[in-house]
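Engineer: dropping a prediction and its sequence here:
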Amino acid sequence: MQDNAIKDIVIVGGGTAGWMCASALSRMLGDKLNITLVESEQIGTVGVGEATIPNIAQFNQMLGIDEAEFMAATHGTFKLGIEFVDWGQIGESYLHPFGNHGIDMDGVSFHQYWGRLRASGDTTPIEEYSLSAAAARASKFIHPKADPRSILSHMSYAYQFDATAYAAYLSKYAQARGVKRIEGLVEHVTQDQNSGFITSVKLQDNQDIRGDLFFDCTGFRALLIGKTLGVPYEDWSHWLPCDSAQAVACDINGPVIPYTRATARSAGWQWRIPTQHRTGNGHVYCSAYMSDDEAGHILMDNLDGVPHMDVPKQLRFKTGKRQKLWDKNVVALGLSGGFLEPLESTSIYLIQAGISRFMALFPDKSMPRIDRDEYNSLLDKEFDQVRDFLILHYVATDRDDSSFWNYVRAMDIPESLTRKIDLFKSSGRFFRYDGELFTDTSWIAVLLGQNIIPQRYDPIVDTLDLERVKDSLGSMYGAMQNAVKCMPSHQDYIAKFCPSPLRVNS
Amino acid sequence: MSKAQHIIIVASDLSGYMAAAYLARMLPASDYEFTLVRAGELRAAALFGVAHPDLRRFNKTLQINEVDFITTCNATFRLGVTVSGFGKAPYKRTFSQYGVPIDGAGFYDALLANNHSPHPADLEQYNLPAAMIQAGKFTLPADSSKPILSDFDYGYCFDTRSYAEMLCECTMRFGVKIIDSPSVRLDADNTHVILDDDRVLQADLIVDATASQTNVQRESWQDQMPFSSYTVSHSDGGPKSLSLAPELRAGADIVSLSYDLQHSTTKVTFGQSGDIEFRPGRAATAWTGNVVRLGLSAMTLFPVDANLTQIAQIDIERLVELFPPNLSAPIEREEYNRRTSEFYDRMRDFASLHLKTARTQGDIWDRLSAMALPLDAAYKLSLFSACGRIAVLDEESILKDSWHAMLLGHDIIPARASRMAMNVTAAQLDANLKRLSDFISRAVSAMPSQEDFIARHCPAPNRTSR
């Protein structure tokens, strides 16, 4: 049965995607496979400051990585959510927290009760009922508890870290488990004449590396899936028109906060990701509406510390996805497979999703069609759902202060997203489709945060007496405020739990 | 809100009684008025008498006490279904998984990689409820998170007529008006219900649980589920030992479903020449205008998973979840129909694969095995045959474990095991299997028999009334 088994796996490219893939394969199948990773120091990685979503914990757990060690090595901080500034309207801000808003009661979503209070004149923003948001606003942190009776079970978190350091950390991990690293540039790719399968990659120094299966982790170059196999790229820039970014790190000024910030600008948005040793910043913009010069000025004028470079690093991209992420014997992971702007910190998640789906379907050398179809359809769904969620941030706005916002506010959007928005507008219903990544909390935070307010709340909520609803929400609020009061500051927590050697104490 | 909106539920099968109670419980009395029209004798009563664990949630919401339910409805506990005559040996599907993952590999993958039979008939000692069914033992799942002992779930076999009466009591408590009218008509524009005595009731929403799919555009499933009628037989007195799972049995040209209540046994036999007409298929659209179809009027499914009550419940819960504040032009209707369609198609896929993959001898089975599958079902089958994965589609409510047990139970063995399972050695597998079966057999031997459990906690009075 295993005569046809895959033995040699070649990973081309050693950024975050390449080393995540190598680590996972070596952990699960290290002694059954020959895993080779080809990378070149001459090719830089895109990694700047990287923010993540809570799912990354599962990946690290699968690898058996110690959290404190990993955070110290990557200069990591905890992330409780994202603050969105100036999105719905200039001057507004809301938090998209991890974990939930309030507590559902009698099978009805919390936000419906909140809607009832709002209709009765209470103006408390929904984020004040989120423990993660409250802790984030107070710059506090403590590890959540699994016990559902503890209020700390309502919190959830991810990390903000240095992606280059993460790749280096995983590189050490994978090599200790038998992954062979080869330094070199790929010069030629050989394909089988009949099947078109890739048989080997030849390096500049003439080394020929053969494999049964290839992972394309070559970033935007897409050396195998694009240049060699010619799998077309599906362009989504009519929905997500930003196509450029400039990035720069700066000094830390003030305490390190446990959340990422995304501030809308006149033709895009700016990120701010705090790590232990510096603050990562970047400006994502649409070049049709803003020049590189102007974008650079906006970025440099809006830093809260001394920049580490005089001129920011320039990046170009096109939002979209390969029509097939797995074609023949090549699987594209990371930017070679698709790009979605990091507004909701999904880049690492999409790599992780690709790896875990692939592991579940691990094929033999014949690369059966049915396995590829299943993989491609699962990943298509993941990409589509993230795409819709990102588009929401651009259409749910009243901003009319630039031609960029005038375009995105009025653009056509995917039907799947229209349905979600309309349903929510009608009476605050929200439905998460099977396997959907972002939770109700995430969608509702953005919908409400950007002023999509349901015409009315769910009729079911009227079965409860208004005073009882007030009482329940009041005691939830009180319990959360108390819990936050008792938490240590994020800064102190990190200093004790996972100090990086490069940590800046301010 | 201005005037209360009027909702009429026309009930011929159990789904209507369930809907009346649940809607009246969940929707605010200040905004809605409810009328339950009991349209004649309860229809298809025997088909609805088998419940999945979800019904406990439903009863809890309605504040129906579990002991009251069991004693009133002559109910027994249900841990799954025993399937005979479909594969090489009878097997069980329970509401719980077989085995445990071994060193990161799925249980079935670990078995396949070590050439151990993955047929559920050979694995009963590795599934707690399957072992309980086999031994006739029952106790409630442990309430804390004790592995295995708290991981299983149970439903019931029950008398639907008694349950319908209980639901009527609930509806009265919740302020629902009840009218009896053996026959009921809808007027042409579906906004009025015309009763037996020609009285006309006006409604903002009509729940059609009339158990009939006439006058509606429908999709027939006659090819995939070629059983056009059924016969019901009851035997009173009850057997000495009560089964913990209904039995689904395939014969040359019939399929039967039989289950025990505390004091009687019910057997439904599907075939071509039964007393009661049975037309598998579904309404093309469940909710049109202001008529929502529920139960058999929405979908008539061949009940291989004995789940008609569960389906009605899920539909009712979805309706409440999506209940539109404005009944005249609800955006929620489209969403309800989209999700309901997906949900029904998933059920259809399971039933058609279940019948098509049967290893039974007979004309009907030969025809079935030559039948073309719906596309999604064909995809599921080919993915499973290739690599043992279950493709989970939108609105899937059949448990993954049920899919595994059904396909493996019908002798469909994946061509290869997951590569992750190559790490599991034969010694490791054997040690795991032994530990698990020791644990399960110790747990089962400490449990009371179902008869003792019922006698102690929830005996139904013996009213041999039928």
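Structural biologist: That came through, no problem.

Engineer: what is the burial count for the closest residue to chain B within the stretch 51-200 of chain A?
Structural biologist: Closest contact between the stretch 51-200 of chain A and chain B, by Cβ to the nearest Cβ, is at A:G107 (7.2 Å). In this view, the C-beta of every residue, glycine as well, is placed from N, C-alpha and C. A:G107 has 12 neighbouring residues, counting by other Cβ atoms under 10 Å in any protein chain shown.

Engineer: hang on, isn't it packed against B:T61?
Structural biologist: Yes - judged on Cβ atoms under 8 Å, A:G107 makes contact with B:T61 at a distance of 7.2 Å.

Engineer: let me see the contact set for residue 40.
Structural biologist: Answering for chain A, as no chain was given. A:S40 sits next to A:E183, A:G184, A:L185 when contact means Cβ atoms under 8 Å, 6 or more residues apart in numbering or on different chains.

Engineer: meant chain B, my bad for not saying
Structural biologist: Contacts of B:G40 by Cβ under 8 Å, 6+ apart are B:S12, B:P182, B:S183.

Engineer: ok, the first one to B:L294 distance?
Structural biologist: So the one you mean is B:S12. Per Cβ to Cβ, to the nearest Å, B:S12 is found 11 Å from B:L294.

Engineer: which residues does the nearest residue to B:A4 once chain neighbours are set aside form beta bridges with?
Structural biologist: Nearest residue to B:A4, sequence neighbours excluded (Cβ to Cβ, 6 or more residues apart in numbering or on different chains): B:E33, at 4.7 Å. With DSSP bridges as the criterion, B:E33 is bridged to B:H6.

Engineer: ok, B:E33 touching B:K3?
Structural biologist: No - applying Cβ under 8 Å as the test, B:E33 and B:K3 come out as separate, 9.2 Å apart.

Engineer: so which strand or helix has residue 376?
Structural biologist: Defaulting to chain A. helix A:369-395 (DSSP states H and E).

Engineer: chain B is the one I meant
Structural biologist: Assigned by DSSP H and E, B:D376 falls in helix B:375-387.

Engineer: before we move on, back to that, give me the buried entries from the contacts of B:G40.
Structural biologist: Buried residues within those, counting neighbours by 16 or more other Cβ atoms under 10 Å in any protein chain shown: B:S12.

Engineer: count of neighbours near residue 449?
Structural biologist: As the question left the chain open, I've gone with chain A. Neighbours of A:G449 under the rule other Cβ under 10 Å: 22.

Engineer: think we crossed wires, I meant chain B
Structural biologist: B:S449: 15 neighbours (other Cβ under 10 Å).

Engineer: roughly how far apart are it and B:Y156?
Structural biologist: Counting by Cβ to Cβ, the separation of B:S449 from B:Y156 is 17 Å.

Engineer: ok, now B:A443?
Structural biologist: The spacing between B:A443 and B:Y156, counted by Cβ to Cβ, is 22 Å.

Engineer: these two: which is more packed in?
Structural biologist: Between B:A443 and B:Y156, counted using other Cβ under 10 Å, the more crowded position is B:Y156 (24 against 18).

Engineer: low pLDDT regions in the chain?
Structural biologist: Since you didn't name a chain, this refers to chain A. Confidence mapping of chain A against pLDDT under 70 gives the ranges A:1-2, A:45-49, A:434-435, A:505-506.

Engineer: if you could check chain B rather than the one you did, that'd help
Structural biologist: In chain B (pLDDT under 70), the answer is B:1-2, B:237-239, B:463-466.

Engineer: near chain A, which residues of it?
Structural biologist: Chain B comes close to chain A at residues B:26-31, B:61, B:104, B:320-326, B:330-332, B:334-335, B:339, B:379, B:382-383, B:386-387, B:389, B:391-396, B:416, B:418-420, B:422-423, as judged by Cβ under 8 Å from any Cβ of the partner chain.

Engineer: so which of these are in helices?
Structural biologist: B:26, B:61, B:320-321, B:332, B:334-335, B:339, B:379, B:382-383, B:386-387 (DSSP state H).

Engineer: from the stretch 1-150 of chain B, which residue is nearest to chain A?
Structural biologist: Of all residues in the stretch 1-150 of chain B, the one sitting closest to chain A is B:P28 (3.5 Å; Cβ to the nearest Cβ).

Engineer: what about the nearest residue to that residue once chain neighbours are set aside, how many residues nearby?
Structural biologist: Setting aside the residues directly before and after it, B:P28 is nearest to A:D462 in space (Cβ to Cβ, 6+ apart), at 3.5 Å. Using other Cβ under 10 Å, the number of residues around A:D462 comes to 18.

Engineer: is A:D462 in a helix, a strand, or coil?
Structural biologist: At A:D462 the chain is in helix, as set by DSSP: H, G, I helix; E, B strand; the rest coil.

Engineer: give me the neighbour count for the closest residue to A:Y129 other than its chain neighbours.
Structural biologist: Leaving aside its sequence neighbours, A:Y129 sits nearest to A:G102 (Cβ to Cβ, 6+ apart; 4.1 Å). When neighbours are defined as other Cβ under 10 Å, A:G102 has 22 of them.

Engineer: which parts of chain A sit against chain B?
Structural biologist: Contact residues, chain A versus chain B (Cβ under 8 Å from any Cβ): A:1-2, A:5-6, A:28-29, A:31-32, A:107, A:359-364, A:368, A:370-371, A:374, A:419, A:422-423, A:426-427, A:429, A:431, A:433-435, A:455-456, A:458-460, A:462-463.

Engineer: which ones among those residues map onto strands?
Structural biologist: Using DSSP state E, no member of the residues of chain A next to chain B falls within strands.
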